[in-house]
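Q: Provided below are the primary sequence and the corresponding predicted coordinates.
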Amino acid sequence: MDAPTTDAPTMLQLTRHGEGGHVVEIALDRPSAMNAVNTELAREITATTAALAGDDTVRAVVLTSTHERAFCVGADLKERNGFTDAQMMDHRLVSKLAYRGVLDLPVPAVAAVEGFALGGGMELALSCDLVVAGEQATLGLPEVGVGVIPGGGGTQLVTRRVGWSRAASLIFTARRLPAAEARDLGVVDELVPAGTARGRALELAAQIAANSPVAVRNAKKAMRLGMGTDLAAGLEIEDGCWRATAFSGDRKEGVAAFAEKRAPQWPGR
C-alpha cells in the first residue's frame, strides 16, 4: 500500500511505497516556481534526507516532482537577486547541505526526471545513484551563463559520469541536453516514454528494496568510498564492507532462504 506520511514538509511530499514501506518517495512540490530551490526548500531537503538516513526501515529513495513540466529548474534566482554578499554566503551553506544530504544517503537513490532538470535540478538528479528520464526531458548546467559555476556537485558528478571533455563541453557552453543525448552521454541511465519516469524509478527502487538492506548499504558504501582511491585502496575498502556484511543477520537469512527455497525475510542487521 502506498501511503503519504502525515508530517510531510510544505515543499516536499513524502510517500512510503510497498509492503513495509521500505521505498520512500520524495516529491519536490513547489509548482509555482517549477521547483526552483530557495532557502526554505533547501532546508527541507536537508532535514528530510537526514531523517531518512537515520531510518533503518528505509531501503531505497526515489526523488520525483509533482510538476509535470519540471523536475527542478535549479536555484531560485529571484530570491538570490536580492541577496547581500553575506546573505549569499549564508545561503551557500544551506544549499551545500541540501545537495550533500541527497548524495550521502546510505541507501540507493533513484531520480525520476520529467521536463526540465536544469542547474541545481540536474545536480539533484546526479546526486542520486541512478537517473531515469522521460524522453521529453531536458537537462543542463547553464550556470556559467548567469555568472556562477555549478555548485551543487555538478562539476564533480558530471565529470565522473561522462569524462573530462564531455563534461567540459556541457559546463563551458551551458547548453541544454535533450533526454536522448543525455542518455547517450551517460548523464541519464535509463530513457523511458514521457510520463513514465516516476513509475520506472519506483520499479527499480522496489527491486532494490527486495534485496538485503545490509548488503545493499554496504555495497553502496564500498562503491562510494572506493571511487576516489586507487585500486589497491578500493579493494581494501571493499574487503571491510564485505566483512561487515558476511557476518550479519542478513547473510545468515539469505543463505538459509536459498537452501530452503523461500523468499528471505531480511532482519536488516
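A: Now that the structure is in, tell me what you want to look at.

Q: which residues in this structure form helices?
A: Here the chain has its helices, by DSSP state H, at 39-53, 77-80, 85-103, 120-126, 154-162, 164-173, 179-185, 197-209, 213-227, 231-246, 249-259.

Q: the second one - what's its average pLDDT?
A: Here the mean pLDDT over helix 77-80 is 88, rounded to a whole number.

Q: list the buried residues in that helix.
A: In terms of neighbour count (16 or more other CB atoms under 10 Å), helix 77-80 has its buried residues at Glu79, Arg80. Glycine gets a C-beta too; all of them are placed from N, C-alpha and C.

Q: got it, and stretch 157-169?
A: Using 16+ other CB under 10 Å as the test for burial, stretch 157-169 gives Leu157, Val158, Thr159, Arg161, Val162, Ala167.

Q: cool, stretch 123-139 as well?
A: 123-135, 137-139.

Q: ok, of those residues, which one's closest to Ala246?
A: Asp129 (22.9 Å; CB to CB).

Q: can you check the pLDDT for the closest one?
A: Listed pLDDT for Asp129 reads 98.

Q: that one reaches Val110, doesn't it?
A: Yes - when contacts are counted by CB atoms under 8 Å, Asp129 is listed as touching Val110 (6.9 Å).

Q: for the residue lying farthest from the centre of the chain, grab phi and psi.
A: For the chain, the residue at maximal distance from the C-alpha centroid (CA atoms, centre = their mean) is Glu260, at 35.9 Å. Note on Glu260: backbone dihedrals following degrees, to the nearest 10 are phi -90, psi 0.

Q: so what's Ala112 up against?
A: Val62, Leu63, Thr64, Ser65, Phe71, Val132, Ala133, Ala197, Arg198, Arg200, Ala201, Leu202 (CB atoms under 8 Å, 6 or more residues apart in numbering).

Q: let's go with 6 Å and repeat that
A: The contact partners of Ala112, taken as CB atoms under 6 Å, 6 or more residues apart in numbering, are Thr64, Val132, Ala197, Arg198, Ala201.

Q: circling back: now, of the helices of the chain, which is deepest in the fold?
A: Most buried of those by mean neighbour count (mean count of other CB atoms under 10 Å) is helix 120-126; its value is a mean of 29.

Q: what comes into contact with that helix?
A: By CB under 6 Å, 6+ apart, helix 120-126 touches 37, 71-75, 111, 113, 117, 131, 139, 141, 152-154, 157.

Q: ok, 8 Å please
A: Defining contact as CB under 8 Å, 6+ apart, one finds that helix 120-126 is touched by 35, 37, 63, 70-75, 95, 99, 102, 111, 113, 117, 131, 139-141, 150-154, 157-158, 161, 187.

Q: where does this structure have low pLDDT?
A: Counting by pLDDT under 70, the chain contains low-confidence ranges at 1-9.

Q: mind listing the strands for the stretch 1-150 of the chain?
A: Taking DSSP state E, counting those that start in this stretch, the strands of the stretch 1-150 of the chain run over residues 3-4, 12-17, 23-28, 60-65, 70-72, 109-113, 116-118, 130-134, 138-140.

Q: how is this structure carved up into domains?
A: Annotated domains of the chain cover 3-209, 213-259 [automatic domain parsing].

Q: from Val216, how far off is the residue farthest from the centre of the chain?
A: In this view, Glu260 and Val216 are 22 Å apart by CB to CB, to the nearest Å.

Q: quick check, central residue of the protein?
A: Note: the chain centre (CA atoms, centre = their mean) maps to Cys128, 2.3 Å.

Q: tell me if I'm right that Ile171 and Gly151 touch.
A: No - using CB under 8 Å, Ile171 makes no contact with Gly151, being 11.7 Å away.

Q: which residues touch the nearest residue to Pro267 once chain neighbours are set aside?
A: Leaving aside its chain neighbours, Pro267 sits nearest to Gly249 (4.0 Å; criterion: CB to CB, 6 or more residues apart in numbering). Contact partners of Gly249, counting by CB under 8 Å, 6+ apart, are Val214, Pro267, Gly268, Arg269.

Q: most surrounded residue in those residues?
A: Val214 (22 neighbours; other CB atoms under 10 Å).
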